[in-house]
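Asks: next comes the sequence, and after it the predicted model I'd like to discuss.
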Amino acid sequence: MNSNNKQFNISRRNSLKFVAGAIGTGILAARAGAELAAPEPVIAQNDITPQAALQKLIDGNKRFVENRRQNPNQTLARVTEVAQTQKPFAAILGCADSRFPAEIIFDQGIGDCFVDRVAGNVVTPEEKGSLEFGCLVLGAKVLMVVGHERCGAVKAAIEGGELPGQIGSLTNAIKEAVERSKNQPGDKVENAVKENVRLQIENLKKSPVISQLIQEGKLIVTGGYYDLDTGAVSIVS
């Protein structure tokens, strides 16, 4: 083989190596891009209906009130079981009050409830986004907004006045509920708490994600009132 042919063959091999390297780099880049790209939302299919999910919360709270808790799904085995994935049957928007431990009062365990807690159980954009995720992607079948007896955030909204820091952002979100409850008979704080639950449910239903799930029969959105004295949750309609 003469020198010209050798040079041609060497150049050809180098060209093939370059092309192969470029293709390989392109494939790796495509794979990396696919891995970094946000996945399309997939609705989880839990083997429970919205009505059954709501009843599960009601039954759990009944056990709690009657002091016969089962404490389900609270073992280390359950920790391992849900370590890689989760399919909570319920989503709960509750107050950040230290006296409202959602899983305890509903007698549920690890991986059962997708819980958002914020003072006054108000619907901020972040809370709404979290609950959209819990219902659409994780597959919660019931979404309950729970207010509670003697709520400090609601009391502050009733009293009005200037508040330090960002506390006023919470009371501002409750003011409409206070106005709605003004002429109702009975305890004004309890009335405002229940009206606030209804208001926040209305805010949640404005979400296209949540409203679509309701229309398709995949989600129930309801309200609850937690009695600090008895531990009972009553449905707020």
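Replies: Cool, got the structure.

Asks: how deep is the nearest residue to Q108 once chain neighbours are set aside tucked in, by neighbour count?
Replies: Using C-beta to C-beta, 6 or more residues apart in numbering and skipping the chain neighbours, the partner closest in space to Q108 is G60 (5.6 Å). C-beta here means a position set from N, CA and C on the backbone, and glycine is covered the same way. Neighbour count of G60, defined by other C-beta atoms under 10 Å: 24.

Asks: distance of G60 from E103?
Replies: As judged by C-beta to C-beta, to the nearest Å, G60 and E103 stand 9 Å apart.

Asks: quick one on the thing from earlier: what's the pLDDT at the residue nearest to Q108?
Replies: We have a pLDDT of 98 for G60.

Asks: where does it land in three-state SS?
Replies: State at G60, reduced to three classes by DSSP: H, G, I helix; E, B strand; the rest coil: helix.

Asks: who touches it in this structure?
Replies: 106-108 (C-beta atoms under 8 Å, 6 or more residues apart in numbering).

Asks: would you mind putting these into JSON lines with secondary structure and neighbour count alongside?
Replies: Formatted as JSON lines, the contacts of G60 follow (DSSP: H, G, I helix; E, B strand; the rest coil; neighbours: other C-beta atoms under 10 Å):
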{"residue": "F106", "secondary structure": "coil", "neighbour count": "27"}
{"residue": "D107", "secondary structure": "coil", "neighbour count": "21"}
{"residue": "Q108", "secondary structure": "coil", "neighbour count": "27"}
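
Asks: nearest to N196 among those residues?
Replies: Using C-beta to C-beta, F106 is the member of the contacts of G60 that lies nearest N196, at 20.2 Å.
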